[in-house]
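Undergrad: sharing a model that was predicted from the sequence below.
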Number of protein chains: 2
Amino acid sequence: MNEKRMEEAIRLFTDVMIDGQNEVFRKVENELHQEFSMEQIKMLNLLERHGPMTSKQLTELQGGHKSATSSRLKKLVEKEYVRVIPDENDRRVKYVALTEAGASAYKKANQQVNEYLSSVLAGIKDEEIDEFIYIFQKVKALLR
Amino acid sequence: MNEKRMEEAIRLFTDVMIDGQNEVFRKVENELHQEFSMEQIKMLNLLERHGPMTSKQLTELQGGHKSATSSRLKKLVEKEYVRVIPDENDRRVKYVALTEAGASAYKKANQQVNEYLSSVLAGIKDEEIDEFIYIFQKVKALLR
DNA sequence: CAATATAGTTTAACCCCTTAACTATTTAAT
DNA sequence: ATTAAATAGTTAAGGGGTTAAACTATATTG
């Protein structure tokens, strides 16, 4: 029935999704993007949110193939932002954990993103923030 | 005071942005992603929306460096989805235009994305669509 | 008319992803 | 017990994409 509006919603969504990602990582790239790729940042984010976990779990949460996770991990280990802890029961399994350097580098990176997004979202009025949160929660849930 | 809510809004926004892009291109990749990269799709989208334009304009709209645009373009020309028209006044300048094949391939790709996103956004109630559109329009504008 | 600016291309170096093969280890099945 | 199948990760090959810098061709300026 509201075909038209649905179409508009979809176009807005793709625009925001694509432009958003571009903008964020363009504005913030200065120091941050020199050091981390977007995927690496997301991996650090997952480790920071959920604590240590296996490569397999990381792959599930982040998407993509386990080989991609593996090489991502390898680079983070080389930079010493992440460290690997062998499981004692199953010697195939390795737990991945943030190092202190990793945690603080992530924190810093995250702060830059937050600052930029704060400045963007500051344009949303106080009364609208709840609306924003409601809608985005909904969309996030629907994306699963 | 609404520090907390601002933080939540930011986290939701980054989640939706990142997960959204991942999900869309994971679900839809079947036929589409075999043929086009995301950047190529975006380029076709720009050409479809704005009509023929120069490589320089494409770079400005899409972001990144002109060399990236150049190689992207090269591939689309090879696949004959796009065609180049020399400017008559300034022989340095080349206009880029969709071919028919390009237009219809893009249309098809776009349709797949739309179908998927329709199924996702179908979870939003009719009464909420306006709210959705309002918020996303606002965010899109703010990202400029 | 020479110097400078502009539109695009090319090349080199690097990152990321996927697919598929391979290692090591554990579980299941006979 | 032993062997076959499953599981966690790594590695290698092939294809994208990106940037920075050098380079070509054409226009503009002083």
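TA: Structure received. Given the structure is predicted, the values throughout are model-derived calculations rather than measurements. Numbering: from 1, shown residues only, chains lettered A, B, ... in the order given.
Undergrad: so stretch A:121-137, near chain B or not?
TA: Yes - using CB under 8 Å from any CB of the partner chain, stretch A:121-137 reaches chain B at A:121, A:123-124, A:126, A:128-137. Yep, even glycine has a C-beta here, placed from its N, CA and C like the rest.
Undergrad: any idea of the mean pLDDT in the longest helix along chain A?
TA: The longest helix of chain A (DSSP state H) is helix A:3-27. Mean per-residue pLDDT for helix A:3-27: 84.
Undergrad: got the buried residues for that helix?
TA: A:6, A:8-25, A:27 (16 or more other CB atoms under 10 Å in any protein chain shown).
Undergrad: counting by contacts, list what it packs against.
TA: helix A:100-121, helix B:3-27, helix B:100-121, helix B:126-142 (3 or more CB pairs under 8 Å, 6 or more residues apart in numbering or on different chains; DSSP states H and E).
Undergrad: for those helices, which has the smallest mean pLDDT value?
TA: helix B:3-27 (a mean of 84).
Undergrad: which one is A:Ala97 nearest to, not counting chain neighbours?
TA: A:Pro52 (3.9 Å; CB to CB, 6 or more residues apart in numbering or on different chains).
Undergrad: got a list of what the one you found touches?
TA: A:85, A:95-98 (CB atoms under 8 Å, 6 or more residues apart in numbering or on different chains).
Undergrad: near DNA strand D, from those?
TA: Checking those against DNA strand D by CB under 7 Å from any atom of the strand, the ones in range are A:Tyr95.
Undergrad: and stretch A:71-84, anywhere near DNA strand C?
TA: Yes - Stretch A:71-84 is in contact with DNA strand C by CB under 7 Å from any atom of the strand, via A:71-72, A:75.
Undergrad: averaged pLDDT, that stretch. What do you get?
TA: Computed over stretch A:71-84, the average pLDDT equals 94.
Undergrad: hmm, that stretch touching chain B?
TA: No - if you take CB under 8 Å from any CB as the test, stretch A:71-84 misses chain B, and the best it gets is 14.3 Å.
Undergrad: do that stretch and DNA strand D meet?
TA: Yes - counting by CB under 7 Å from any atom of the strand, DNA strand D has neighbours in stretch A:71-84: A:71, A:73-74, A:84.
Undergrad: redo these as JSON lines? Include secondary structure and distance to B:Tyr106.
TA: Putting these into JSON lines (DSSP: H, G, I helix; E, B strand; the rest coil; distance: CB to CB, whole Å) gives the following:
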{"residue": "A:Ser71", "secondary structure": "helix", "distance to B:Tyr106": "32"}
{"residue": "A:Leu73", "secondary structure": "helix", "distance to B:Tyr106": "36"}
{"residue": "A:Lys74", "secondary structure": "helix", "distance to B:Tyr106": "37"}
{"residue": "A:Val84", "secondary structure": "strand", "distance to B:Tyr106": "44"}
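Undergrad: now the most centrally placed residue in chain A: which helix or strand?
TA: Centroid-nearest residue in chain A: A:Lys42, 3.4 Å away (criterion: CA atoms, centre = their mean). Under the criterion of DSSP states H and E, A:Lys42 resides in helix A:38-50.
Undergrad: just the residues contacting that helix, thanks.
TA: A:21, A:25, A:32, A:36, A:53, A:58, A:61-62, A:68-69, A:72-73, A:75-76, A:81-82, A:96-98, A:102-103, A:105-106, A:109-110, B:18.
Undergrad: out of those, which are buried?
TA: Judged by 16+ other CB under 10 Å, buried ones among the contacts of helix A:38-50: A:21, A:25, A:32, A:36, A:58, A:61-62, A:69, A:72-73, A:76, A:81-82, A:96, A:98, A:102-103, A:105-106, A:109-110, B:18.
Undergrad: no more questions from me, cheers.
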